[in-house]
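Asks: here you go, sequence then predicted model.
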Amino acid sequence: MDIEFNKNEDHLKQLIYKLKGKSEKVKLGGGEKKIESQHKKGKLTARERIDYLTDDKSEFLEVGLFAGDGMYTDVGGCPSGGVVTGIGYVQGRQCMIVANDATVKAGAWFPITAKKNLRAQEIAMENRLPIIYLVDSAGVFLPMQNEIFPDKEHFGRQFRNNAKMSSMGIIQIAAIMGSCVAGGAYLPIMSDEAMIVDKTGSIFLAGSYLVKAAIGESIDNETLGGATTHCEISGVTDNKFDNDEACLDYIKSIFNKIGAFEKAGFDRIKSAAPKLNPKELYGIFPEDRVKPYDTMDVIKRLVDKSEFDEYKALYGKTIICGYGRIDGWAVGIVANQRKVVKNKKGEMQMGGVIYSDSADKAARFIMNCNQRKIPLVFLQEVSGFMVGSKAEHGGIIKDGAKMVNAMANSTVPKFTIIMGNSYGAGNYAMCGKAYDPRLIYAWPTAQIAVMSGAAAAKTLLQIQVATLKAKGEETTPEAEEKILKDITDKYNEELSPYYAASRLWVDGIIDPLETRKVISMGIEAANHAPVEKFNVGVIQT
């Protein structure tokens, strides 16, 4: 191993160390005192409930761990959006689990909570996965009600999704394990079956204080909407249980009796580890954001046996396309080539940039994968499309549109891993969040923005200086340097993968060694949903 490899390895390991530290802190939710308070009430925490419910030694793919990271600091923050969501296994069956974290503002819903819950439901709907709701929430965080209540993608959208999932035949099971208030009461009752834990679970449209204020009736919450009331009088809930564990055991018994599902039929054989050591990814991936490297070295440390059948290897070289297997699943991989290459005319092409020929190749490859029912994996390390007169005259917009059209209309499931740069229209063409990847995860090295920090800072500086001059104000080199620093600092903060993860632009940040697991579990989930016929729409030739 050379010095450069060791330097890269040290840098990426430091980023992973930071990732693990932040993950452990976020998983504490509202903190150890709040966790202790939950235990004193005889309740498990959200994560303890998931651990108890899911199969021993099974994988849990968390979605949105860093949702809300660095947000709502004026009200104490909202770690992980106040809810834990992810794909897990219950009695051997893959499902989506949504568990309110009552240690965070009593499980109240912030704007990011709604967005995260809707993302979990979206994953369940796209993949036709059963979904389990472990409810323990005080309802909408009232100081921010204007940002969560009335709009299309706000709080109420989840109940619409409840109804849609029922019509699709997707199994929904709910357990009321704490508060379930106001509009939130509809979520468990719109599920197929709703359980409630005695003495700690309660469900009502209005609590005792509001009832007193609204109609003058004096009543306690347990009589108003406790387990006995709803299991014996109203019939709103189906069964009550003495504690969290008994309630979760009943959910396990439900999943133990669910019939088989219709499969999409993606091809899978026995899994095999890559022949090339995946841990070498740490040293291959450069610390320097602009330093070229061979993306094929990455691919061969992700695919089974390091075997990869490249498509059109001699054409459109700034995008690598080809077939391989990940954990036994057949996949089609579309990856940005980061090394400098020569095109068919002998001209040098910059790595990480999409040229006309590479866009054309990718579009054709995507269509082939749809014809063959092969899931697509996009490995993003992209600076954008090529610009300049030569590219424009060569029809880069037309060829880029062909690629975006094929990718957007693809009906086989798509999975996106953002390894490094993800800039501008390159993010779109390589299946960014706006193009419905079934899952989208980032490495700690990822950067997501319209353009690189350096390019953006220089562009914004020119605009600000021109604006000042238009007002008749002169600038000094020192003033321009300060403006540039302020712009760069702000832009670099927004480039961070944690900034993206906090806003759910990505489903999470992972160690590169977890990439195979994410893709494999994603395809297994997607195999629950039969694939629709591929229709590419209008493509100019």
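Replies: It's in.
Asks: residue contacts, the spatially closest residue to Ser58 that is not a sequence neighbour?
Replies: In this structure, Ser58 finds its nearest non-sequential neighbour in Tyr89, 4.1 Å apart by CB to CB, 6 or more residues apart in numbering. Every residue, glycine included, has its C-beta placed from N, CA and C. Under the criterion of CB atoms under 8 Å, 6 or more residues apart in numbering, the neighbours of Tyr89 are Thr54, Asp55, Ser58, Glu59, Cys95.
Asks: relative to Ala526, how far out is the closest residue to Ala330 other than its chain neighbours?
Replies: Nearest in space to Ala330, with sequence neighbours left out and distances taken as CB to CB, 6+ apart, is Asp267 at 4.2 Å. In this structure, Asp267 and Ala526 are 13 Å apart, going by CB to CB, to the nearest Å.
Asks: tell me which of these two has more neighbours.
Replies: Neighbour count, other CB atoms under 10 Å: between Asp267 and Ala526, Ala526 has more, with 25 against 13.
Asks: distance of the more buried one from Ala260?
Replies: When distances are taken as CB to CB, Ala526 and Ala260 turn out to be 17 Å apart.
Asks: Gly92 too?
Replies: Relative to Ala260, Gly92 is positioned 12 Å away (CB to CB).
Asks: those two: who's more crowded?
Replies: Of the pair Gly92 and Ala260, Gly92 is the one with more neighbours under other CB under 10 Å, namely 9 against 6.
Asks: and that one, how far from Ser37?
Replies: Gly92 sits 34 Å away from Ser37, taking CB to CB as the criterion.
Asks: ditto for Pro497
Replies: Distance from Pro497 to Ser37, by CB to CB: 33 Å.
Asks: hmm, back to that, surely the residue nearest to Ser58 is in a strand?
Replies: Yes. Inclusion of Tyr89 in a strand is indicated when DSSP: H, G, I helix; E, B strand; the rest coil is applied.
Asks: before we move on, back to that, more neighbours, Pro497 and Ser37?
Replies: More neighbours surround Pro497 than the other of Pro497 and Ser37, with 25 against 14 (other CB under 10 Å).
Asks: how close does Val290 get to Gln447?
Replies: The spacing between Val290 and Gln447, counted by CB to CB, is 12 Å.
Asks: a strand runs through Ile320, doesn't it?
Replies: Yes. Counting by three-state DSSP, Ile320 is located in a strand.
Asks: who does the helix or strand bottoming out on mean pLDDT in the chain touch, helix- and strand-wise?
Replies: Here the helix or strand of the chain ranked lowest by mean pLDDT, DSSP states H and E is helix 453-470, holding a mean of 75. The helices and strands touching helix 453-470, judged by 3 or more CB pairs under 8 Å, 6 or more residues apart in numbering; DSSP states H and E, are helix 477-495.
Asks: please pull up the helix or strand immediately following the helix ranked longest in the chain.
Replies: As far as residue count goes, and with DSSP state H defining each element, the longest helix of the chain is helix 3-26. With elements assigned by DSSP states H and E, the helix or strand that comes after helix 3-26 is helix 32-40.
Asks: from the chain's centre, how far out does that following helix sit?
Replies: Going by CA atoms, centre = their mean, to the nearest Å, the spacing between the C-alpha centre of helix 32-40 and its chain's C-alpha centre is 29 Å.
Asks: relative orientation of the helix or strand following it and helix 32-40 in degrees?
Replies: Moving toward the C-terminus from helix 32-40, the first helix or strand encountered (DSSP H and E) is helix 46-53. The directions of helix 46-53 and helix 32-40 differ by 50 degrees, with axes from the mean of the first three to the mean of the last three CA atoms, to 10 degrees as the criterion.
Asks: can you give me phi and psi for Leu79?
Replies: If you look again at residue 79, you'll see it is Pro, not Leu. Main-chain torsions, Pro79, degrees, to the nearest 10: phi -50, psi 130.
Asks: please begin residue numbering at 24 from this point
Replies: Got it, first residue is 24 now, which makes that one Pro102.
Asks: residues near it, how many?
Replies: By other CB under 10 Å, the residues close to Pro102 number 23.
Asks: just list the residues touching it, thanks.
Replies: In this structure, Pro102 makes contact with Lys48, Val49, Leu51, Gly52, Gly53, Gly91, Asp92, Asp124, Val127, judged by CB under 8 Å, 6+ apart.
Asks: let's see 10 Å
Replies: For Pro102, the set of contacting residues under the criterion of CB atoms under 10 Å, 6 or more residues apart in numbering consists of 48-54, 88-92, 95, 124, 126-128.
Asks: how about Leu228?
Replies: By CB under 10 Å, 6+ apart, the contact list for Leu228 reads Val204, Ala205, Gly206, Gly207, Ala208, Tyr209, Val234, Leu247, Gly248.
Asks: list the contacts of the closest residue to the first one other than its chain neighbours.
Replies: Right, the one you point to is Val204. With CB to CB, 6+ apart as the measure, Gly162 is the residue that lies nearest to Val204, at 4.0 Å, once sequence neighbours are left out. For Gly162, the contacting residues are 129-132, 168, 178, 202-208, 230, taking CB under 10 Å, 6+ apart as the criterion.
Asks: can you show me the helices along the stretch 224-373 of the chain?
Replies: Read by DSSP state H, counting those that start in this stretch, the stretch 224-373 of the chain holds these helices, from start to end of the chain: 231-238, 244-248, 250-251, 267-278, 304-307, 318-322.
Asks: just the buried positions in stretch 133-148, please.
Replies: Residues 133-144, 146-148 are the ones in stretch 133-148 that count as buried (16 or more other CB atoms under 10 Å).
Asks: let me know the closest of the residues you listed to Arg72.
Replies: The nearest member of the buried residues of stretch 133-148 to Arg72, counting by CB to CB, is Ala143 at 15.2 Å.
Asks: what's near enough to touch that closest one?
Replies: By CB under 10 Å, 6+ apart, the contact set of Ala143 is 86-87, 106-110, 119-121, 152, 154, 156, 181, 184, 530.
Asks: swap in Thr439?
Replies: Going by CB under 10 Å, 6+ apart, Thr439 touches 357, 399-403, 445, 450, 453-456, 458-465, 529-530, 542, 545.
Asks: low-confidence stretches in this protein?
Replies: When residues are selected by pLDDT under 70, those of the chain lie in 24, 206, 416, 475-477, 559-564.
Asks: ok, back up a step: and the residue nearest to Ala353, how far from Ile110?
Replies: For Asp290, the distance to Ile110 (CB to CB) stands at 21 Å.
Asks: before we move on, back to that, mutual contacts of Asp290 and Ala549, please.
Replies: Contact criterion CB under 10 Å, 6+ apart; residues shared by Asp290 and Ala549: Trp352, Pro398.
Asks: the stretch 74-223 of the chain: strands as residue ranges?
Replies: Taking DSSP state E, counting those that start in this stretch as the test, the strands found in the stretch 74-223 of the chain are 84-86, 106-113, 116-123, 154-160, 195-204, 216-220.
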